[in-house]
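S.K.: Sequence first, predicted coordinates after that:
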2 protein chains.
Amino acid sequence: MSIEHTVVFRLVHEPGSAAEQEFFATARETLTGIPGVADFAISRQVSPKSAFTHRFGMVFADQAAYDAYNAHPAHVGFVEGRWVPEVAEFQEYDFERL
Amino acid sequence: MSIEHTVVFRLVHEPGSAAEQEFFATARETLTGIPGVADFAISRQVSPKSAFTHRFGMVFADQAAYDAYNAHPAHVGFVEGRWVPEVAEFQEYDFERL
C-alpha cells in the first residue's frame, strides 16, 4: 500500500525571505532526485489553529521505497546540513488511505 | 486558490472496533453530502512519531466554499453530535500548494 509521508514545520527564516525561498528550492531539487519519491509538493499551512507554516508531502509506493529514501545519502545529507539548522519545529505524519 | 483542509485525530473508541467503523461511515456520508466538499478521504496515520491514528482530508475550491462548509447545518450537527464526544484529541491544518 502506498504511503503519503508528510512533515509540517516552521523555518527559522523570515517568511518570504530569500533564505526561505532558497531552502525550498534546494529541498525540492534534492528530495525529488531521490529514487522512489513521487508527488513531491510544498504547501503553505494557512490555518490559524497551527503555528506551522509549511508542509512537505511525498508518496512512496511501499515501505521498502520509504526505507530506501530515509537511508539515501542525499536525504541524510539534507537533514544534517539543512533541515536541522534551519527548521525551528516540525511534526511528521505518514498516511495510508482507507 | 484551492484549500486542502485536514484534521489528524485519535478517537475515544478502540482501534478496529465497530464504534470506530460506524464513526467513519457516518462521517463519510455526512461530510461528503455537504456542497463544496471534494476529494474527501479517510486515512490511517501510521508514523510512530505521532499519537494521532487517523486523518480526514478534503478540498475546497476557495475560501467561500470552505466557509459555507463550516457554517452548514450538517457540519455543525456532526461536530456537536459526534466529533466532540468521540474524538479524544485532534489537530487541524489547512494547506495551499505552492
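M.R.: Arrived safely. Residues are numbered from 1 along each chain as shown, chains lettered A, B, ... in the order given.
S.K.: got any ranges where chain A has weak pLDDT?
M.R.: Within chain A, not a single segment meets pLDDT under 70.
S.K.: Near chain B, which residues of it are found?
M.R.: With C-beta under 8 Å from any C-beta of the partner chain as the criterion, chain A meets chain B at residues A:3-4, A:8, A:24, A:41-47, A:49-50, A:52, A:55, A:91-98. (Glycine included, C-beta is placed from N, CA and C.)
S.K.: what's the following helix or strand after the longest helix seen in chain A?
M.R.: What stands out as the longest helix in chain A, according to DSSP state H, is helix A:18-32. Using DSSP states H and E, the helix or strand that follows helix A:18-32 in sequence is strand A:38-45.
S.K.: Just want the angle from the next helix or strand after that following strand to helix A:18-32.
M.R.: Following strand A:38-45 in sequence order, the next helix or strand is strand A:54-60 (DSSP H and E). Counting by axes from the mean of the first three to the mean of the last three C-alpha atoms, to 10 degrees, strand A:54-60 points 10 degrees away from the direction of helix A:18-32.
S.K.: what's in contact with strand A:54-60?
M.R.: Identification of contacts with strand A:54-60 by C-beta atoms under 8 Å, 6 or more residues apart in numbering or on different chains yields A:2-11, A:24, A:27, A:31, A:36-45, A:66, A:69, B:93, B:95.
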